[in-house]
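1. Test case, fold it:
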Amino acid sequence: MVYDGKGDIVTSAYVVGTALGVFAPDDLAVIRVGSGVGALHPASFGRSASVQAGEIVLAMGNPLGLTGTVTTASSRRPGGRSRRGRVVRRS
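-> Numbers count the residues shown, from 1 in each chain. Predicted coordinates for the structure are as follows:
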């Protein structure tokens with residue numbers, strides 16, 4: 001994931017040799033690319049209250065004690081129903 005306009009990228013630690021920083025428990029590393037930085041577009045971090053239906057969202061975390069999970073989906077409108085019939089809520 002492109003983190004900022006300086007060329008800092010967050011990736012899995014096991015795929016890199018030299019990193020600016022590493023957080024081994026979650027296999028995360030920050031690297032910096034030197035060339036082509038102008039072509040990179042940093043990820044934008046949003047608020048769940050401003051997500052519109054149909055936008056692609058990404059969630060990273062440790063739900064239910066699982067480690068290193070990443071989920072991507074297309075957002076639904078608040079108050080709509082999920083595939084399992086549950087009401088979608090905004091957090």
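
2. from what I can see residue 28 touches residue 13, true?
-> Yes - in terms of Cβ atoms under 8 Å, residue 28 counts as a neighbour of residue 13; the distance is 5.9 Å. Quick note: C-beta positions are derived from backbone N, CA and C, even for glycine.

3. Overlap of the contact sets of those two?
-> Counting by Cβ atoms under 8 Å, 6 or more residues apart in numbering, the residues touching both residue 28 and residue 13 are residue 22.

4. which stretches of the chain form strands?
-> In the chain, the strands defined using DSSP state E lie at 8-12, 21-23, 28-32, 56-61, 69-74.

5. Which residues are in contact with residue 11?
-> Residues near residue 11 by Cβ under 8 Å, 6+ apart: 1, 28, 29, 30, 31.

6. low pLDDT regions in the protein?
-> For the chain, residues meeting the criterion pLDDT under 70 lie at 61-64, 76-91.

7. Any idea which residue is closest to the centre of it?
-> In the chain, the C-alpha nearest the mean C-alpha coordinate belongs to residue 58, at 4.8 Å (Cα atoms, centre = their mean).

8. Wait, that residue touches residue 70, no?
-> Yes - with contact defined as Cβ under 8 Å, residue 58 and residue 70 form a contacting pair (6.8 Å).

9. follow-up on the earlier one: would you list the strands of the chain in JSON lines and tack on distance to residue 48?
-> Listed next are the strands of the chain as JSON lines, based on distance: least, Cβ to Cβ, whole Å:
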{"stretch": "strand 8-12", "distance to residue 48": "21"}
{"stretch": "strand 21-23", "distance to residue 48": "25"}
{"stretch": "strand 28-32", "distance to residue 48": "23"}
{"stretch": "strand 56-61", "distance to residue 48": "8"}
{"stretch": "strand 69-74", "distance to residue 48": "13"}
